[in-house]
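Chemist: model the following, please.
(chains A and B)
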Number of protein chains: 2
Amino acid sequence: MDNSDNNKKSINDFGKFGLINHLTKNVKTINKTTIKGIGDDSAVIDSGKNLTLVSTDLLLEGIHFNLIYTPLKHLGYKAVIRAISDIYAMNGTPSQVMIALGISSKFGLDHVEDLYEGIALACEKYNVDLAGGDITSSLTGMTIGVTAIGTVEKKNLVKRDGAKANDLICVTGDFGAAFMGLQLLERERKLFVKEKVEQPDLSGFEYVIGRQLKPEIPVSTLIELKNESILPTSMIDVTDGLASDLLHICRLSDTGCRIFYSKVPIDYETIRVAEEFNIDQMIPALNGGEDYELLFTVPLEMVDKIRTIQSIKVIGHMTSSGSGNFIVGDDGSEVEITAQGWKD
Amino acid sequence: MDNSDNNKKSINDFGKFGLINHLTKNVKTINKTTIKGIGDDSAVIDSGKNLTLVSTDLLLEGIHFNLIYTPLKHLGYKAVIRAISDIYAMNGTPSQVMIALGISSKFGLDHVEDLYEGIALACEKYNVDLAGGDITSSLTGMTIGVTAIGTVEKKNLVKRDGAKANDLICVTGDFGAAFMGLQLLERERKLFVKEKVEQPDLSGFEYVIGRQLKPEIPVSTLIELKNESILPTSMIDVTDGLASDLLHICRLSDTGCRIFYSKVPIDYETIRVAEEFNIDQMIPALNGGEDYELLFTVPLEMVDKIRTIQSIKVIGHMTSSGSGNFIVGDDGSEVEITAQGWKD
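Modeler: Residues are numbered from 1 along each chain as shown, chains lettered A, B, ... in the order given. Okay, the predicted model is just below:
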């Protein structure tokens, strides 16, 4: 690899997605079964009649979860959700998950049992088999590697790169709740550490905390889309944040986008908690992440059909390449959409 | 989950494999595509004409690798080898790998580039596509999740549970070299820390160090087996150690085994390094691990055919269930084979 042009660059100059692109730019595809490689929710492998989808995730203690406020059963549940969500986001059906667990000596049998109880619960709910796994010791804390496997008929595969100008931008559910739930849990943790408050009072916040600790996938919407013979032109699951994930689709589809401030669904409880924290409600809604909702595009002609599906909200439309990515306020003002965190 | 009978048990009472069995004992298989679940090298998924194999591994800094003496390029290479080795061990052909990387801020762009250079090199050598991946930040060190995907024709699948009494126990390559290579590297590290020795003198130890840092998979032997129409009755890749991996096959196949002390292949350099460390050469050979050789069984009738393949050594035979697992010395003495580390 020629590093001469990288001498002055650091990881932060690239950002997460730029970094993966940079590292894999010379990678050639050898096997004809490799349909879709890097850059989508899952790897797509031609296995004859259908396509096999494989996604893999790494959950690190202190980064992706904090065991002080995440019960292990919920963590196991969420680890499965996170992995199978990538399969659903390609319009596939998950069928198996595999868990690779790294645990330090601070964990006992009951901890691992709780974790696996959550894993089993999610598997049962989403009709997925636990098809393998490994447990190794770790020096520091807990690491969970989750791999999900699924299938999709070739004609039903939905990738991130198929959106066209004028396509409607659709979402399921609401946004920002999981993020505000995390803020609440984090606040209680600090109170617990500082003032030894034993029983945090989280009543009245069940929705946002539930969204953080036990997310679900809007499978019923995918079924309704299938029943209405609507095949999205692009789709992604919202885990990094609505803004960041929408920008992924725009970048890979080579489109711009316009979404409308007033159309982004936000639950009343999310708004209330955001107010309590003095945060503009659009910040968690656009940049919070971990919503596990679906963001997808459909051709403009589908507008009437889409309106018949209660669980889907149209929040805007795609625009032509180079026309920018904007959120439009009630007064018509346009603000450019940017992704938080690592650069997109 | 009923925990009443576990109150006095700890993780160490179960051992690694017992723990996975315990945690997954209530797991039912839901999907008819799930052929082989927990307990083998890979998950086996029915994808129509062929079977899809998926394996997943977690490599943790300080446990599976030490960056002081593992160049990142080698680490990337080895991560791919480790994952695809599980696919070959089921008589499959790997076609894709996916990498999920967790890195702390101590790593720079050149580090990640080196790692990916090694990944790309292994992919190229073994005709495997890098089909996906993710990079996240971590609090402590480096974590690598590797998922390998492959295929095998249904009739060619080889699992761990098919060995029968009287089957020949066969191996490729030699054993204990990677372990002794690790001991050497570890000794040099200590010298480096204590006495600031800058340039470790490792000349004359190229073989054992190469086996530790850049393992290869005996693919040519698999091809020879195929050419001779020999389908092993069971197979495993030797990563935990010859003893431990042989015991896996015995346990899953419900057989005993007898292997012969003098038949276990050990390289001269391994013996020399073992002597230098005052270790009996059979300790690394039986319990070292990371050999990435293949251990497999074939029916007794295949003995003449097997003898024509230079790269295969017969080290013993399977015995009937309940007759124990023994290594037989030159004087006819029998010693029970036990696995080191976590209990089998």
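Chemist: in which helix or strand does A:E269 reside?
Modeler: Secondary structure assignment for A:E269, by DSSP states H and E: helix A:268-276.
Chemist: give the rounded mean pLDDT of that helix.
Modeler: On average, the pLDDT along helix A:268-276 is 96.
Chemist: outside of the helix or strand following that helix, which residues touch it?
Modeler: Next helix or strand after helix A:268-276 toward the C-terminus (DSSP H and E): helix A:282-287. Residues outside helix A:282-287 that contact it (Cβ atoms under 8 Å, 6 or more residues apart in numbering or on different chains): A:174-177, A:179-180, A:241-244, A:261, A:264, A:266, A:270, A:274, A:327, A:337, A:339-341. For glycine as for every other residue, the C-beta is placed from the backbone atoms N, C-alpha and C.
Chemist: so which of those belong to strands?
Modeler: When the contacts of helix A:282-287 are checked against strands (DSSP state E), the matches are A:I327.
Chemist: out of the contacts of helix A:282-287, which are inside helices?
Modeler: Judged by DSSP state H, the contacts of helix A:282-287 include A:A177, A:F179, A:M180, A:L242, A:A243, A:S244, A:T270, A:A274 as members of helices.
Chemist: any idea which of the residues you listed is closest to chain B?
Modeler: For the ones in helices among the contacts of helix A:282-287, the closest approach to chain B (Cβ to the nearest Cβ) belongs to A:S244, at 13.8 Å.
Chemist: one step back: got a markdown table for the ones in helices among the contacts of helix A:282-287, with distance to chain B and neighbour count too?
Modeler: Shown next, in a markdown table, are those (distance: Cβ to the nearest Cβ, whole Å; neighbours: other Cβ atoms under 10 Å in any protein chain shown):
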| residue | distance to chain B | neighbour count |
| --- | --- | --- |
| A:A177 | 22 | 29 |
| A:F179 | 17 | 24 |
| A:M180 | 22 | 31 |
| A:L242 | 19 | 29 |
| A:A243 | 19 | 26 |
| A:S244 | 14 | 24 |
| A:T270 | 25 | 25 |
| A:A274 | 26 | 24 |
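Chemist: helix or strand right after whatever helix or strand A:D304 lives in?
Modeler: In the assignment (DSSP H and E), A:D304 maps to helix A:303-307. Beyond helix A:303-307 on the C-terminal side, the first helix or strand identified by DSSP H and E is strand A:312-319.
Chemist: partners of that next one, with directions?
Modeler: The strands beside strand A:312-319 in its sheet (DSSP bridges) come out as strand A:168-172 (antiparallel), strand A:256-260 (antiparallel).
Chemist: and those, which is most packed in?
Modeler: Highest mean neighbour count among the strands paired with strand A:312-319 (mean count of other Cβ atoms under 10 Å in any protein chain shown): strand A:168-172, with a mean of 24.
Chemist: and the strands paired with strand A:312-319 as CSV, adding distance to B:G118 and mean pLDDT?
Modeler: As requested, the strands paired with strand A:312-319 are exported to CSV (distance: least, Cβ to Cβ, whole Å; pLDDT from 0 to 100):
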stretch, distance to B:G118, mean pLDDT
strand A:168-172, 40, 98
strand A:256-260, 38, 97
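Chemist: what about the helices in the stretch 1-150 of chain A?
Modeler: For the stretch 1-150 of chain A, the helices defined by DSSP state H, counting those that start in this stretch occupy A:11-23, A:72-88, A:109-125.
Chemist: out of those, which is the most enclosed?
Modeler: Of all the helices of the stretch 1-150 of chain A, helix A:72-88 has the most neighbours on average by mean count of other Cβ under 10 Å, namely a mean of 25.
Chemist: give the other helices and strands that that one contacts.
Modeler: For helix A:72-88, the elements it packs on are strand A:50-60, strand A:93-103, helix A:109-125, strand A:143-153, strand A:234-238, judged by 3 or more Cβ pairs under 8 Å, 6 or more residues apart in numbering or on different chains; DSSP states H and E.
Chemist: first-to-last residue distance for stretch A:43-53?
Modeler: 6 Å (Cα to Cα, to the nearest Å).
Chemist: can you check the pLDDT for the residue nearest the centre of chain A?
Modeler: The residue lying closest to the centre of chain A (Cα atoms, centre = their mean) is A:T239, at 2.2 Å. In this model, A:T239 is scored at 93, pLDDT.
Chemist: state the distance from it to A:A83.
Modeler: 11 Å (Cβ to Cβ, to the nearest Å).
Chemist: just A:D201 next, same as before
Modeler: Separation of A:D201 from A:A83 (Cβ to Cβ): 33 Å.
Chemist: nearest residue to A:G288 other than its sequence neighbours?
Modeler: Nearest in space to A:G288, with sequence neighbours left out and distances taken as Cβ to Cβ, 6 or more residues apart in numbering or on different chains, is A:F179 at 2.7 Å.
Chemist: which residues touch the residue nearest to the centre of chain A?
Modeler: Shown in contact with A:T239 (Cβ under 8 Å, 6+ apart): A:R82, A:S85, A:D245, A:G289, A:E290, A:D291, A:Y292.
Chemist: for B:L101, state which of these is nearest.
Modeler: A:R82 (16.4 Å; Cβ to Cβ).
Chemist: residues in contact with that closest one?
Modeler: So A:R82 contacts A:D57, A:L59, A:V146, A:T239, A:Y292 (Cβ under 8 Å, 6+ apart).
Chemist: state the distance from the last one to chain B.
Modeler: Separation of A:Y292 from chain B (Cβ to the nearest Cβ, to the nearest Å) stands at 16 Å.
Chemist: ditto for the fourth one
Modeler: Relative to chain B, A:T239 is positioned 11 Å away (Cβ to the nearest Cβ).
Chemist: shaky segments in the stretch 151-300 of chain A?
Modeler: Within the stretch 151-300 of chain A, the stretches with pLDDT under 70 are A:195-200.
Chemist: try 80
Modeler: A:191-202 (pLDDT under 80).
Chemist: how about the residues of it that lie near chain B?
Modeler: A:T151 (Cβ under 8 Å from any Cβ of the partner chain).
Chemist: the helices and strands packed on helix A:72-88: which one's closest to B:D280?
Modeler: strand A:93-103 (31.4 Å).
Chemist: quick one: the closest one near chain B?
Modeler: Yes - counting by Cβ under 8 Å from any Cβ, chain B is contacted by strand A:93-103 at A:S95, A:Q96, A:M98, A:A100, A:L101, A:G102.
Chemist: distance to A:D46 added to the ones in helices among the contacts of helix A:282-287, as a markdown table?
Modeler: Shown next, in a markdown table, are the ones in helices among the contacts of helix A:282-287 (distance: Cβ to Cβ, whole Å):
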| residue | distance to A:D46 |
| --- | --- |
| A:A177 | 38 |
| A:F179 | 38 |
| A:M180 | 42 |
| A:L242 | 32 |
| A:A243 | 33 |
| A:S244 | 30 |
| A:T270 | 41 |
| A:A274 | 45 |
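Chemist: nearest to B:S311, of the residues you listed?
Modeler: A:S244 (50.9 Å).
Chemist: wait, isn't that closest one in contact with A:G289?
Modeler: Yes - using Cβ atoms under 8 Å, A:S244 makes contact with A:G289 at a distance of 7.4 Å.
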